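Novice: return a 3D structure for these sequence lines:
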Amino acid sequence: MNVKRTIGFFGIQPGVGAGSIARALSFYSAMNGKKTLYIDLDIRFPKAPYLIGYKDSRYTLEGLLEALQSKERPNMEPYFLHKSKMGQVTKHLAEHFKKLPDLLYVLSPSADLGFEYFPTLGTDLNEITDYMKKIVEGAKPFFENIIFSMGSDPDEPLHLAILRACDQRVFVTDTSPSAVRLFPQRIKLLENTGVPVDGAQVIINKLPEKMNIAIFEEFLQRRVTYTIPYDPQMITEIHKLNLLGGKSFESAIGEIAEGLLGLEKEAKRREASSKKAGRGSLLSQFSLFREKTV
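Specialist: You can find the predicted model right below:
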């Protein structure tokens, strides 16, 4: 594993879809043969335990942070949860796991942990950033791509710390007036706390048809790197636990993966092979979530 990417997705406000994009990109990466770790840093409303389903009370984000706070040097590998380690699960959950990519791993808070019980990390942002750097460096030997999602609070030290610690940052907005107006202010807040914002990618999600991107770039005061069209099938597909969403969302995630993860050649080669075999495109084949040896 030569290339190590650590990418943090930050939504300008709740509901713009940064978490959905991060999870879908993690799936896409793992589907394309890259051992991938998805880290859910939304300590208030973590989605990974529910939408992906990997849970183990012994190995959680809060447990790993507590170990680091106590100056331990924990073996991090068990904290990276995989479907093969889920033990006794219901028949329905077992069927769900069969659809998930074999190269996908997850680190997240406990599903039932209230925010008030999350470890108190203090207010020293440099110290918290060091904790996050240790997690990043501890994960890199095992994974090619490490993708973070988080809440939209620009004052939460944990979010600021990972945005400082990861190699690439992606800022996500949608076209709602509140998100567009907030964008420059939020980016300035992040910059003032030491988050590198130069070179960060910008995604506009849920973009209506025939919208002029130049107008949004003027308001955002940044170049838009990627756009994702509004997907009317998204809610239906998420209810089915298809985290790649509907067709338009899937297609956009594939384009983002080409740029952010460098998967262009491999994805197109596999898609061409699939078409020759009469199986259709890669993204239309949700059955590609099949069992393989990791």
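Novice: correct me, but Met132 touches Leu163?
Specialist: No: contact criterion CB atoms under 8 Å: Met132 and Leu163 do not qualify, at 9.1 Å. Any C-beta I mention is one placed from the backbone N, CA and C, and that applies to glycine too.
Novice: all helices of the stretch 151-294 of the chain, in order?
Specialist: Ranges of helices in the stretch 151-294 of the chain, per DSSP state H, counting those that start in this stretch, are 157-165, 177-192, 213-220, 234-239, 247-261, 264-276.
Novice: export the longest one to PDB, keeping only CA atoms.
Specialist: What it means is helix 177-192. Taking C-alpha atoms only, helix 177-192 is exported to PDB below (Å, rounded to 0.1, in the frame of the first residue of the first chain):
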ATOM      1  CA  PRO A 177     -29.300  30.700   1.000                       C
ATOM      2  CA  SER A 178     -28.200  30.100   4.600                       C
ATOM      3  CA  ALA A 179     -25.400  27.700   3.600                       C
ATOM      4  CA  VAL A 180     -24.200  30.000   0.800                       C
ATOM      5  CA  ARG A 181     -24.100  33.000   3.100                       C
ATOM      6  CA  LEU A 182     -22.400  31.100   6.000                       C
ATOM      7  CA  PHE A 183     -19.700  29.600   3.800                       C
ATOM      8  CA  PRO A 184     -17.200  32.500   3.700                       C
ATOM      9  CA  GLN A 185     -17.700  33.100   7.500                       C
ATOM     10  CA  ARG A 186     -17.200  29.500   8.400                       C
ATOM     11  CA  ILE A 187     -14.100  29.100   6.300                       C
ATOM     12  CA  LYS A 188     -12.600  32.200   7.900                       C
ATOM     13  CA  LEU A 189     -13.400  30.800  11.400                       C
ATOM     14  CA  LEU A 190     -11.600  27.600  10.400                       C
ATOM     15  CA  GLU A 191      -8.600  29.500   9.100                       C
ATOM     16  CA  ASN A 192      -8.300  31.500  12.300                       C
END
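Novice: pLDDT below threshold where in the chain?
Specialist: Scanning the chain with the threshold set as pLDDT under 70 gives 1-3, 113-117, 264-294.
Novice: which parts of stretch 184-201 are buried?
Specialist: By 16 or more other CB atoms under 10 Å, the buried positions in stretch 184-201 come out as Arg186, Ile187, Leu190, Val195, Ala200, Gln201.
Novice: skipping adjacent residues, who's closest to the fourth one in space?
Specialist: By the measure of CB to CB, 6 or more residues apart in numbering, the closest residue to Val195 outside its immediate chain neighbours is Leu163, 4.5 Å from it.
Novice: now do the contacts for that neighbour.
Specialist: Gly8, Phe10, Met150, Arg169, Leu190, Val195 (CB atoms under 8 Å, 6 or more residues apart in numbering).
Novice: which strand residues bridge the closest residue to Leu260 other than its chain neighbours?
Specialist: Excluding the flanking residues, the one nearest Leu260 by CB to CB, 6+ apart is Ile7, at 6.3 Å. Here Ile7 sits in beta bridges with Ile147, Gln168, as judged by DSSP bridges.
Novice: verify the stated contact: Ile7 with Ser149.
Specialist: No: using CB under 8 Å, Ile7 makes no contact with Ser149, being 9.9 Å away.
Novice: where do the strands sit along this structure?
Specialist: For the chain, strands defined by DSSP state E occupy the ranges 5-11, 36-40, 104-107, 145-149, 168-173, 201-207, 226-229.
Novice: by contact count, what packs against the third one?
Specialist: Spelled out, it's strand 104-107. Contacts defined by 3 or more CB pairs under 8 Å, 6 or more residues apart in numbering; DSSP states H and E place strand 104-107 against helix 18-31, strand 36-40.
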